[in-house]
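K.L.:
next one to model:
(2 chains)
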Protein chains: 2
Amino acid sequence: MAFELHYWPTIQGRGEFVRLALEAAGADYIDIARCDPPRKGVGMPAMMHFLDSPSVKTPPFAPPFLRDGSFIVGQTSAILLYLGPRIGLASTVEHKRIWTHQLQLTVADVVAEAHDTHHPVGTGLYYEDQKKEALRRAAEFRKARIPKFLGWFEQVLDRNPASHRHLVGARLTYADLSLFQLVDGLLYAFPKATARALRKTPHVSRLHEAVAGHRRLAAYLASERRIAFNEEGIFRRYPELDG
Amino acid sequence: MAFELHYWPTIQGRGEFVRLALEAAGADYIDIARCDPPRKGVGMPAMMHFLDSPSVKTPPFAPPFLRDGSFIVGQTSAILLYLGPRIGLASTVEHKRIWTHQLQLTVADVVAEAHDTHHPVGTGLYYEDQKKEALRRAAEFRKARIPKFLGWFEQVLDRNPASHRHLVGARLTYADLSLFQLVDGLLYAFPKATARALRKTPHVSRLHEAVAGHRRLAAYLASERRIAFNEEGIFRRYPELDG
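P.N.:
Sure, this is the predicted structure:
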């Protein structure tokens, strides 16, 4: 049975980390909220059912969530933890699986901080209503956080005894895909600051290029299934926040 | 061999979620950076070694991290994922283990937001230098986020077919301990707003009380091993941010 991915249909957002894993693995999946026309079991109403219905005993806090038969799992990192060994994108050896997960959680930390550059006061307000705060927060993110985080991933790649081309062992894992997506999003939102940071993190830069050239991934990225970055998602291009 | 917990010695911070699990389980562990006097293998230098030394192939991004023999794992949620089944605080059944982890990740999301109420612009600046932004961010956190998050945990407890006293099944898991710690921290930092929210989430309120009364936990909380909340940690009491 196909995996069901439930996520907002018009943004990459956090769902994209799951999409990339499913696509790179060539897994059979349905992007539920993007099914058009909506019919029984698919479309936005199907997604909302799992968020709203009291019959769901393990309700996700928010999209994305994944359904695999009767099992429902939310939280991007938990979804990948579950999917990884099933679709060949994480080791079945516990220590390696948890290290892969630790890398994913650190990607998630950067993603949350990237989001907060345009929403430092709160998700309930428009960007325009927190622009002054956003300018300050983005400056700190550009100058201190992007170099620190990418520097740490560079170190991980550099110290990997099996390969400098992968974060874990010598094979592609979902952590590689997520680092690709992180760099891709940062390049979209903060092109100048990210290009500067990448000049000091050659392994990270090469991983970003290599993942983009992965056969299945390249096909996905060129397809209509890849939603373009836009100013409704996590990574938003507001030129005043870059520099 | 004892587990080694590596974390800053003067705050509860994120390390406290790991401490609570180790204490509740009665696990054999050493709180490395708090060993006094420092001697070979313990104290702050021992912790810094794992952060700084190029010999560490899987470097933690930041404390807390756990060492179990030759295995090192960072990121609070990943540490608990690893520890849980080993110390009897998570099921060994995969679906339940991942659901427990999903709950933990949502606690971690609230913790990050609670931190950002006093550091909305950046961790590199003092609170005093971002107080104006903090006032706005805290208002949104109090009014929208605390009720939303606690409301979701209430729903999870309410829908748990095995017990309304536990988040997962009918036994204590690290998710229960982490929800206790979250509520405890919120009550410290935002006493008025949290008390208001708890009146609408009776299951969460009861869980907080029940965990505080757990035999081993109660002994820990009354001991010197429990560091008091303070204004260096995640949950800080700045009365102007409550209301």
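
K.L.:
list the buried residues for the helix ranked longest in chain A?
P.N.:
Among the segments of chain A that qualify as a helix by DSSP state H, the longest is helix A:94-118. Across helix A:94-118, burial judged by 16 or more other CB atoms under 10 Å in any protein chain shown covers A:96-118. To be clear about C-beta, it is placed using only N, CA and C from the backbone, and glycine gets the same treatment.

K.L.:
check stretch A:149-160 too.
P.N.:
By 16+ other CB under 10 Å, the buried positions in stretch A:149-160 come out as A:149-150, A:152-157, A:160.

K.L.:
how far does that stretch sit from its chain's centre?
P.N.:
Centroid separation for stretch A:149-160 versus its chain: 18 Å, with CA atoms, centre = their mean, to the nearest Å.

K.L.:
before we move on, the earlier item: tell me which of the buried residues of stretch A:149-160 fall in strands.
P.N.:
Here DSSP state E is the test, and the buried residues of stretch A:149-160 give no hits in strands at all.

K.L.:
how long is stretch A:160-178 end to end?
P.N.:
One end of stretch A:160-178 sits 17 Å from the other (CA to CA, to the nearest Å).

K.L.:
contacts for that stretch?
P.N.:
A:17, A:20-21, A:24, A:80, A:83-84, A:89-91, A:96, A:99-100, A:103-104, A:107, A:153, A:156-158, A:179, A:203, A:206-207, A:210-211, A:214, A:217, B:57 (CB atoms under 8 Å, 6 or more residues apart in numbering or on different chains).

K.L.:
again, only using 6 Å
P.N.:
With CB atoms under 6 Å, 6 or more residues apart in numbering or on different chains as the contact definition, stretch A:160-178 has outside contacts at A:17, A:20-21, A:24, A:80, A:84, A:89-90, A:96, A:99-100, A:103-104, A:107, A:156-157, A:203, A:211.

K.L.:
ok now it, how far from the chain's centre?
P.N.:
Distance, stretch centre to chain centre, for stretch A:160-178: 16 Å (CA atoms, centre = their mean).

K.L.:
and it, average pLDDT?
P.N.:
When pLDDT is averaged along stretch A:160-178, the result is 98.

K.L.:
count the residues that sit near A:Ala162.
P.N.:
A:Ala162 has 11 neighbouring residues, counting by other CB atoms under 10 Å in any protein chain shown.

K.L.:
now do the helix or strand A:Leu187 falls within and helix A:94-118, the angle between them.
P.N.:
Take DSSP states H and E as the rule and A:Leu187 turns out to sit in helix A:174-189. If you take axes from the mean of the first three to the mean of the last three CA atoms, to 10 degrees, helix A:174-189 sits at 10 degrees to helix A:94-118.

K.L.:
from the contact counts, what lies against the strand or helix carrying A:Ile30?
P.N.:
A:Ile30 belongs to strand A:29-31 when assigned by DSSP H and E. Judged by 3 or more CB pairs under 6 Å, 6 or more residues apart in numbering or on different chains; DSSP states H and E, strand A:29-31 is in contact with strand A:3-6.

K.L.:
on that earlier part again, the helix holding A:Leu187: how far from the chain's middle?
P.N.:
How far helix A:174-189 lies from its chain's middle: 7 Å, per CA atoms, centre = their mean.

K.L.:
what does chain A have sitting close to chain B?
P.N.:
Neighbours of chain B within chain A, by CB under 6 Å from any CB of the partner chain: A:57-58, A:61, A:71, A:73-75, A:78, A:82, A:95, A:98-99, A:101-102, A:105-106, A:120-122, A:124, A:133, A:136-137, A:140, A:144, A:152, A:159.

K.L.:
where along chain A do the helices fall?
P.N.:
Applying DSSP H to chain A gives helices spanning A:15-25, A:44-52, A:76-86, A:94-118, A:131-140, A:146-159, A:174-189, A:191-199, A:202-212, A:215-222.

K.L.:
let me know the pLDDT of A:Pro38.
P.N.:
For A:Pro38, pLDDT reads 73.

K.L.:
give me the distance between it and A:Thr10.
P.N.:
Distance, A:Pro38 to A:Thr10, by CB to CB, to the nearest Å: 14 Å.

K.L.:
by how many degrees do the helix holding A:Leu187 and helix A:191-199 diverge?
P.N.:
Using the same axes, to 10 degrees, helix A:174-189 lies at 140 degrees relative to helix A:191-199.

K.L.:
ok so, going back, who's in contact with the longest helix of chain A?
P.N.:
A:77, A:80-81, A:90-91, A:127, A:134, A:137-138, A:141, A:145, A:149, A:167-168, A:173, A:175, A:178, A:182, A:234, A:236, A:241, B:58, B:61, B:71, B:73-75, B:78, B:82.
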